[in-house]
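Asks: let me see the structure of the following:
(one chain, ligands or ions: 1)
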Amino acid sequence: MAHFKSYEENTRNFNWSIAENELGYKEGGVINIGWYCSDRICEMGKGDKKALIWEGFGGKHKTYTYNDLRLCSNTIGAYLKSLGIQPEDRVCLFMDKIPELYIGFIGVLKIGAIAQPLFSAFGDESLLVRLENAETRAIITQQKHVSKVRKILDKMPYLKHIIVVDHDEKKPLQEREIVFDLEKAAGVEQLEIHPTKKESPSVLHYTSGTTGQPKGVKHVHYSLISQYLTTKWVLDIQDDDIYWCTADPGWVTGTSYGIIGPFAIGATQCVQDLGFSAENWYRFIEKHKITVWYSAPTAIRSLMKAGEEVVKKFNLESLRHLASVGEPLNSEAVIWSEKVFGKPFHDTYWQTETGSIMITNFPGMKIKPGSMGKPFPGITAIVVDPETYEPINETGKIGLIGIKPGWPSMMRTYWNNEETYQKKFKNNWYLPGDRATIDKEGYFWFVGRDDDVINTGGHLVSPFEVESALLEHPAVAESAVVAKPDFVNMEVVKAFVNLKPGFQASKDLDLEIMNFIRKKLSPLAMPQEIEYVDLLPKTRSGKIMRRVLRAKEWNEDPGDVSAMEND
Ligand code: AMP
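Replies: Residues are numbered from 1 along each chain as shown. This next block holds a predicted model:
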């Protein structure tokens, strides 16, 4: 039986105290995410339950029970303390998706330090910007990434320790480098958990850089309340489920729903550090009998591109509930997933700053493909006028998404950048920077980033709408739509298209695609140009960086691209 009963029932008299009571938290008391993710589950008698099933390259695999998770995170926590790491010191986790990343994250939180996870694929410059901003005290990393830290070491006097978890003895250690081998370290049975309170800082996430300079989003331990309840109600993870969140913890989805949420509810989760291929993903689902799967539109589109034949080679019957986050989930993807997996992906909308899911398609709720669904109970979300910031009451009218501040997992500030933080609020609404419409049944429909919406001759065009139409054409694998300058209309629509294997760019194909989408779009939304590309610029969390494509069209500086894949 789903945790979520019905929208009406769960929204009526909703109070966050539902989660507080389930977690045994009392106002003013201690709340430490690290403890909740390991010790508490053991105290509930589930110490022998599998917490983490991990697979890596070269056939490597490991399994950790909740008791292992508790013990190992104690060990890392105690080690950090022995180095002199203090509460609220920033400790960067700069690793591939290996167990030490997950366990280290919990260990850092247990001692009251702030976990700063960063994508291990970042180059030295991208790393430096973020470590400088946070004045990070220690970095936990792997041998293969140490050279990047060495390159920037001179610029980081505040960085005292470079902790290498898989040191290769043939490689001499250099300045500030030390070795910590979790498997060889003596397990620490008792660790004094730092008595963090509601507002104690927990996690510092750097935003993906789809807009502006990277900003350090500061979260607090009380965020657990939202993350716990959304994991239960939206992802619907039950006691006997096997859960797989495909996100890297360098991105907020990989921590809120790849560490905190699932471990806090005592789930069994699988992680693979093997890179993407459709075969490999389906094999993983089949092998571990994954039941709940949380992924992203970019991955879903890659699976669509790989085709249906490959799906048929595997037994994916274990899948029970699918969800997606990070980008607009095109109706095409929802319909495809229903066709090939027999289940739709449930869209979830949120962002680094919100810390947890804000608007979503709940299990059991009627899905309108292409819609983000409805606000989570306790979340007041509306659309506001972009000029006056007054609520828009007219159904179907485009406005800025506005969320009433005050939910537990809301960011508390941008690190060292309170000014930018304050700018996110207008007329007492928090503005995530996205545009949407609301239909008469209260469903939200994503239009685009506030800065992505195309204004052509005074008519607003959603890039998402055009991309969705393009994606329905059998030759199109992925697309990104941006504004290009135009003398008369100010902006016109330009589409970048990545073709599926077997299709060649040509004038004929151009015409065919245009005729195809003409039936789906208003004439004003029709692209004036299609450019075929092999790759679309994306962030490491898989978001298409339309900003980069747009800048090219306008001959402008694309701004910060440090979060871009292949930078
Ligand atoms: P990030 O903080 O990197 O996760 O980026 C958050 C942004 O990604 C949001 O403000 C949206 O622009 C976009 N986003 C996340 N989830 C969705 C979704 N379900 N539909 C449309 N856009 C989304």
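
Asks: would you map out the domains in the chain?
Replies: The record assigns the chain these domain ranges, following automatic domain parsing: 7-436, 454-554.

Asks: is it true that M514 lies in a helix?
Replies: Yes - according to DSSP: H, G, I helix; E, B strand; the rest coil, M514 belongs to a helix.

Asks: my guess is it meets P527, correct?
Replies: Yes - counting by CB atoms under 8 Å, M514 does reach P527; the two are 7.5 Å apart. Where C-beta positions appear, they are placed from N, C-alpha and C, glycine not excepted.

Asks: tell me which of those two has more neighbours.
Replies: Counted by other CB atoms under 10 Å, M514 and P527 do not tie: P527 has more neighbours, with 25 against 15.

Asks: all strands for the stretch 201-350 of the chain, in order.
Replies: Here the stretch 201-350 of the chain has its strands, by DSSP state E, counting those that start in this stretch, at 201-206, 216-220, 242-245, 268-272, 292-295, 321-325, 345-349.

Asks: with distance to the ligand and mean neighbour count added, can I get these in CSV?
Replies: Formatted as CSV, the strands of the stretch 201-350 of the chain follow (distance: least, CB to the nearest ligand atom, whole Å; neighbours: other CB atoms under 10 Å):
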stretch, distance to the ligand, mean neighbour count
strand 201-206, 8, 26
strand 216-220, 8, 24
strand 242-245, 14, 24
strand 268-272, 19, 23
strand 292-295, 12, 25
strand 321-325, 5, 24
strand 345-349, 4, 27
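
Asks: the stretch 351-500 of the chain against the ligand: which residues are in contact?
Replies: When proximity is defined as CB under 6 Å from any ligand atom, the stretch 351-500 of the chain approaches the ligand at 351-352, 372, 432-434, 446, 449.

Asks: okay, now the closest residue to the ligand within the stretch 51-200 of the chain: neighbour count?
Replies: Closest to the ligand within the stretch 51-200 of the chain is F119: 11.6 Å, counting by CB to the nearest ligand atom. Neighbour count of F119, defined by other CB under 10 Å: 23.

Asks: again with the one 4 residues further on
Replies: In terms of burial, G123 registers 13 neighbours under the definition other CB under 10 Å.

Asks: who's sitting farthest from the centroid in the protein?
Replies: Most distant from the centre of the chain: V488, at 39.2 Å, with distances by CA atoms, centre = their mean.

Asks: so what pLDDT did the closest residue to that residue other than its chain neighbours get?
Replies: Nearest non-adjacent residue to V488, counting by CB to CB, 6 or more residues apart in numbering: G457, 7.3 Å away. Note for G457: predicted pLDDT of 70.

Asks: what residues are up against G457?
Replies: Contact analysis of G457 by CB atoms under 8 Å, 6 or more residues apart in numbering lists 488-490, 524.

Asks: any idea which of the domains of the chain is most buried?
Replies: Most buried of those, by mean neighbour count (mean count of other CB atoms under 10 Å): domain 7-436, with a mean of 19.

Asks: returning to that earlier point: test my guess that the residue of the stretch 51-200 of the chain closest to the ligand contacts V252.
Replies: No - with contacts counted by CB under 8 Å, F119 stays clear of V252, the gap being 11.9 Å.

Asks: please enumerate the shared neighbours of the two.
Replies: In contact with both F119 and V252: no residue, using CB under 8 Å, 6+ apart.

Asks: low-confidence bits of the chain, can you list those?
Replies: Where the chain drops to pLDDT under 70, the residues are 208-213, 458-460, 566-567.

Asks: may I ask you to name the longest helix in it?
Replies: Counting by DSSP state H, the longest helix found in the chain is helix 66-82.

Asks: just the CA trace of stretch 329-342, in PDB.
Replies: Provided in PDB are the C-alpha atoms of stretch 329-342 (Å, rounded to 0.1, in the frame of the first residue of the first chain):
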ATOM      1  CA  LEU A 329      10.000  15.600 -18.500                       C
ATOM      2  CA  ASN A 330       8.500  15.600 -22.000                       C
ATOM      3  CA  SER A 331       5.200  13.900 -22.400                       C
ATOM      4  CA  GLU A 332       6.900  11.800 -25.000                       C
ATOM      5  CA  ALA A 333       9.200  10.300 -22.300                       C
ATOM      6  CA  VAL A 334       6.300   9.500 -20.000                       C
ATOM      7  CA  ILE A 335       4.400   7.800 -22.800                       C
ATOM      8  CA  TRP A 336       7.500   5.900 -23.900                       C
ATOM      9  CA  SER A 337       8.100   4.600 -20.400                       C
ATOM     10  CA  GLU A 338       4.600   3.500 -20.100                       C
ATOM     11  CA  LYS A 339       5.000   1.600 -23.300                       C
ATOM     12  CA  VAL A 340       8.300  -0.100 -22.600                       C
ATOM     13  CA  PHE A 341       8.300  -0.500 -18.800                       C
ATOM     14  CA  GLY A 342       4.600  -0.600 -18.300                       C
END
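
Asks: so what's C245 up against?
Replies: Listed by CB under 8 Å, 6+ apart, the contact set of C245 reads 253-254, 257-258, 262, 269, 294-295.

Asks: give me the contact list for stretch 517-535.
Replies: So stretch 517-535 is in contact with 456-457, 459, 461-462, 465-466, 469-470, 472-473, 481, 484, 486, 492-499, 505, 510, 513-514, going by CB under 8 Å, 6+ apart.

Asks: rerun that using 7 Å as the cut-off
Replies: Residues outside stretch 517-535 that contact it (CB atoms under 7 Å, 6 or more residues apart in numbering): 456-457, 459, 461, 465-466, 469-470, 481, 484, 492-499, 505, 510, 513.

Asks: just give the nearest non-adjacent residue to K160, would you?
Replies: With CB to CB, 6+ apart as the criterion, K160 has its nearest non-adjacent residue at 5.7 Å, and that residue is R137.

Asks: how close does the one you found sit to G123?
Replies: Computed as CB to CB, to the nearest Å, the R137 to G123 distance reads 22 Å.

Asks: Y349 now?
Replies: 30 Å.

Asks: I290 now?
Replies: Distance from I290 to G123, by CB to CB: 33 Å.

Asks: before I go, just wanted to say thanks for your time.
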